[in-house]
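>>> give me coordinates for this.
(one chain, ligands or ions: 1)
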Amino acid sequence: VNVTFVLASGARLPVEIDEGESAREAALYNDVPGIDGDCGGACACATCHVHVDPAWIDRVGRLPPDSMEGQLLQFAEGATANSRLACQIRMTDRLNGLILHVPEQQY
Ligand code: FES
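The predicted model follows:
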């Protein structure tokens, strides 16, 4: 499936990733700058913060604020209602073509 990362500079990086992998892996395997994913995808570091494109947020799903992911995102710089942790976005056919905006910095 295809994911496009839009960097803070405006550059667009389309990458391919297998179904079942996370958006964090899509970024890391393809050296997308700006996604660190320090904790290895365990939902424990918030350095894989992305802004889901408004056209996709309903399909990805907004976060319940009392979830573990939501609590971590409170520490992410510039988090908004469209923020998610890339390691918690499981790629499926439904998300083919997903657009994720990479924040300028992770913290
Ligand atoms: Fe650490 Fe996503 S990689 S929270």
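>>> run the chain-centre distance for the lowest-mean-pLDDT helix or strand in the chain.
Each helix and strand of the chain was given a mean pLDDT (mean pLDDT, DSSP states H and E); the minimum falls on helix 68-73 at a mean of 94. Counting by CA atoms, centre = their mean, to the nearest Å, helix 68-73 is centred 13 Å from the centre of its parent chain.
>>> cool, and stretch 31-47?
9 Å.
>>> just use 28 as the starting number from now, easier for me
Let's use 28 as the start, then, which means that last one is stretch 58-74.
>>> ok, it near the ligand or not?
Yes - counting by CB under 6 Å from any ligand atom, the ligand is contacted by stretch 58-74 at 64-66, 68, 70-74. To be clear about C-beta, it is placed using only N, CA and C from the backbone, and glycine gets the same treatment.
>>> picking up where we left off before, the least confident helix or strand of the chain packs against which elements?
strand 110-112 (3 or more CB pairs under 8 Å, 6 or more residues apart in numbering; DSSP states H and E).
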